[in-house]
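Colleague: need a 3D model of the following:
(chains A and B)
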Amino acid sequence: MDIIEFIVGRYNYWIFITLMMIGLYIVISRGNLIKTIVGLNLFQTSVFIFYISIGKIVGGTAPILVGSYKADDSYGEGYGDESHGAGEQTSGAREGLHDADGLDIPSNSLSAEVPAGGAPSAVSGSLHQMPDTARETAAGMASGVNATYDSVADAAAQGAEVIYTNPLPHVLILTAIVVGVATTALGLALAVRIREAYGTIEEDELEAEDHFAEFGVPLHPEQGQARGGAA
Amino acid sequence: MAIPGLEQLPVLPVVIPLVAAPLTLLMKPGRAPWAWATLVSWVTFVVTLLLLEAVWVHGPVEYAMGGWGAPEGMSAPIGITYYVDLANALVLTLVAGIASVVFPYAYYSVESEIDHRQTPAFYTALLICFTGLLGVTITGDAFNVFVFLEISSLSTYALIAMGARNDRRALTASFNYLVMGTIGATFYVIGIGLLYQATGTLNMLDLHQQLMGQSNRMVEAGFAFIITGIGLKLAMVPLHLWLPNAYCYAPSAISAFLAATATKVQVYIILRFMFSVFGFEFAFLEVALNAFIVLGIVGMFYASFVAVFRDNVKQMLAYSSIAQIGYMLLGISFGTVDGVAASLIHVFNHALIKAALFMGVGCVVLRLGSSNFAAFNGLAKRMPWTAWGLIISGLSLVGVPLTVGFISKWKLMEAAFQTQTFIPPLLIVLLIGASSLLAAIYIGRLAYAMLLQPVPEDAEPVKEAPHLMRITMWIMVLANIWFFFQTDVTVGVATRAAQALLDTGLGYGGAY
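Modeller: Numbers count the residues shown, from 1 in each chain, chains lettered A, B, ... in the order given. Next up is the predicted model:
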């Protein structure tokens, strides 16, 4: 039973690992340059999924302050006023928060995925359903993270029932996606140039030509014709 | 941050070339992009020198990007920080210094090897690569390392592919490098993801705090992914296959620049992660250090041995680079101040050596159109300046006294004698000596061809390389001699840098 829970609870990691291995296998085993790039892409995408899943909390929402901000003419001024007002109105909610080891909501969701480890589904719903271990570790972590949100804590308090998804991994992976796009573009451009220069994008044929250029003898003299026929 | 007026200093080495790069693309092909890139490299070099001086005098400098430092009551900054201590100040100065010599050198070489219309794009990519290498070194944020790593790598792939005008094999070399490099970088990202999951932070110093005493399987996996990923970029021995062709078919100026800087920066990242981020409390570090001894020694011999039989001098030097990385790994693997210092010293010295050698080969390629051994026959009579420059820097590679190579080997052997590893110190010292002999063989082969082989009968007379290339090459050659006498600079800085790295590694954060 435990083992099933172990596997099912971490399904996102299994997807990540499977995709990663498929990608790597394609990169290693395929001789066609385009297929190599496809494999490389798959490999990178698996890492995107890994990052996205470590930031995600089931039931968590996008990291936007909920309910604390009403439309106002001047952003800076209005923001402060509104959030203070919100703090007074929802003092009950704030007390509830401080009971929970002095956590406020954003920091809680920031660190919640840490103890959850393999199973983000363990942290479901609201703060009060968090496992004890999670709360303790989160409290330890929060001493650092907490202060970050002092200025917005009042505003956040209004959304006491709101669990936020950790945005940082998502932001990070957005950067990595851009890098991946650039890599793919460059790889494809190189494939085009290779095709222009060699007339093929099959790795073994490229290798044979390079070998011939370097040593002046064919790489596989007896196979040369067979491949020529197959192509 | 007690340096008046220089608060913005740490960010300048990255910002200057980064802003200058797109401007280069708008320039007219020819002299302008080259002059601009050279100017930028000089300015950056001056900035890094100031930074090195500031760090030497005032201690490590921290710079919070956009003012997103640590808020009140918080130990870790919330944004990206640049963190400069002696170790990366040294590497920064090295990278910028090499650039400030190689960029001026590049002009004639690039004019002959690259399509004239492509020169603005070439120098743009070169400056972006330069930015990336500096960024990797200066940043104190683990994910930022990845971003800069890919900035430098992507431009490197493009730069290597530009060698296709001379030899189309540059394209396949670049493609292979792209595949291997991307796998390496992605491994690194996976490792950082695991560490982030374990700690909730990306700041290197904060990571070190959070990882103290943590040694579960997730952290170990993260460590393994990071070391393997960087090992791929570093061309650590079983992962080195992309390097020889990439360096061999790249345009000559690029070979000189990359061989002197790219792998050196990766050595620095390995050092930073092993000692600054993980530290000796992390039990798994021992495994990696032991692996590095074996990989280092295997690399020293295997790559040197292969280098002996190469017919292309550029490829021979590329294999020699892989062998030299073996020495650096060996230094790291001792896990002592002397060992790490020896490794840093060799990073510095080897950059000087390889820059000089590849620049010399570039001169030959410019005049004779080939880097095969046949082109080097009788070179001492045809191009004496180039040939003697190559011989002196070659002796430095072997480790002959009066050159920096000797300092490297000496310090490494000294460190080896004082360490306790599973291989007896004396044996390690003997192995270092024996692999130097292999270097003597392949350099001797080159020297033999240049000094004793007759000039081919039907050879047309050649002119010596242009003044600009000769002068810049000889600056590097003379640096090889000068730093033998001025060991205070390298050994002094490297020892203090190693001390600081290991102090953090041992958990004395205050020693900074």
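Colleague: ok, the residue in the stretch 51-200 of chain B that chain A sits nearest to - contacts?
Modeller: Per Cβ to the nearest Cβ, B:Arg168 is where the stretch 51-200 of chain B lies closest to chain A, at 4.0 Å. Every C-beta, even on glycine, is put in place using the N, C-alpha and C of the backbone. Contact analysis of B:Arg168 by Cβ atoms under 8 Å, 6 or more residues apart in numbering or on different chains lists A:194, A:197-198.
Colleague: can you give me phi and psi for it?
Modeller: According to degrees, to the nearest 10, the main-chain angles of B:Arg168 amount to phi -70, psi -10.
Colleague: so for it, what pLDDT did the model give?
Modeller: Looking at B:Arg168, its pLDDT reads 89.
Colleague: show me which residues of chain B sit near chain A.
Modeller: B:71-76, B:78, B:143, B:146-147, B:150, B:154, B:157-158, B:161, B:164, B:168-169, B:171-172, B:174-175, B:178-179, B:182-183, B:185-186, B:189-190, B:193, B:196-202, B:218 (Cβ under 8 Å from any Cβ of the partner chain).
Colleague: select only the buried ones of the residues you listed in ChimeraX?
Modeller: Provided next is the ChimeraX selection string for whichever of those are buried by 16 or more other Cβ atoms under 10 Å in any protein chain shown:
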select /B:74,76,78,143,146,147,150,154,157,158,161,164,168,169,171,172,174,175,178,179,182,183,185,186,189,190,193,196,197,198,199,200,201,202
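Colleague: show me the residues of chain B next to chain A that map onto helices.
Modeller: Among the residues of chain B next to chain A, DSSP state H puts B:143, B:146-147, B:150, B:154, B:157-158, B:161, B:169, B:171-172, B:174-175, B:178-179, B:182-183, B:185-186, B:189-190, B:193, B:196-199, B:218 in helices.
Colleague: my guess is B:Leu243 meets B:Ala318, correct?
Modeller: Yes. Counting by Cβ atoms under 8 Å, B:Ala318 is a contact partner of B:Leu243 at 5.9 Å.
Colleague: ok, then the element right after the lengthiest helix in chain A?
Modeller: Longest helix in chain A, counting residues (DSSP H): helix A:167-198. Going down the chain from helix A:167-198, the next helix or strand is helix A:203-215, by DSSP states H and E.
Colleague: low-confidence bits of chain B, can you list those?
Modeller: Where chain B drops to pLDDT under 70, the residues are B:1-6, B:507-512.
Colleague: center of it - which residue?
Modeller: B:Lys264 (2.2 Å; Cα atoms, centre = their mean).
Colleague: now residue 167, nearest residue through space, not along the chain?
Modeller: Unless you meant another one, I'm taking chain A. A:Pro63 (4.3 Å; Cβ to Cβ, 6 or more residues apart in numbering or on different chains).
Colleague: look at chain B instead
Modeller: B:Tyr249 (5.2 Å).
Colleague: in this structure the one you found contacts B:Ala170, no?
Modeller: Yes. Shown here, B:Tyr249 and B:Ala170 form a contact pair, counting by Cβ under 8 Å, at 3.8 Å.
Colleague: which residues do the two both contact?
Modeller: B:160, B:163-164.
Colleague: between those residues, which is nearest B:Ala465?
Modeller: The closest of the shared contacts of B:Tyr249 and B:Ala170 to B:Ala465 turns out to be B:Gly163 (Cβ to Cβ; 18.7 Å).
Colleague: what residues does the closest one make contact with?
Modeller: For B:Gly163, the contact set (Cβ under 8 Å, 6+ apart) comprises B:113, B:170, B:173, B:249-251, B:254.
Colleague: so A:Thr200 touches A:Ala208, yeah?
Modeller: No. Judged on Cβ under 8 Å, A:Thr200 makes no contact with A:Ala208 at a distance of 9.6 Å.
Colleague: give me the buried entries from the contacts of B:Gly163.
Modeller: B:113, B:170, B:173, B:249-251, B:254.
Colleague: biggest separation within those, which pair?
Modeller: With distances taken as Cβ to Cβ, the most widely separated pair in those is B:Glu113 and B:Ala173, at 14.8 Å.
Colleague: hang on, the earlier thing: name the residues of the longest helix of chain A that come out as buried.
Modeller: A:167-170, A:172-173, A:176, A:179-180, A:183-184, A:186-187, A:190-191, A:193-194, A:197-198.
Colleague: and it with helix A:203-215, angle?
Modeller: Per axes from the mean of the first three to the mean of the last three Cα atoms, to 10 degrees, the angle that helix A:167-198 makes with helix A:203-215 is 60 degrees.
Colleague: what angle sits between helix A:167-198 and helix B:169-199?
Modeller: Calculated by the same axes, to 10 degrees, helix A:167-198 forms an angle of 170 degrees with helix B:169-199.
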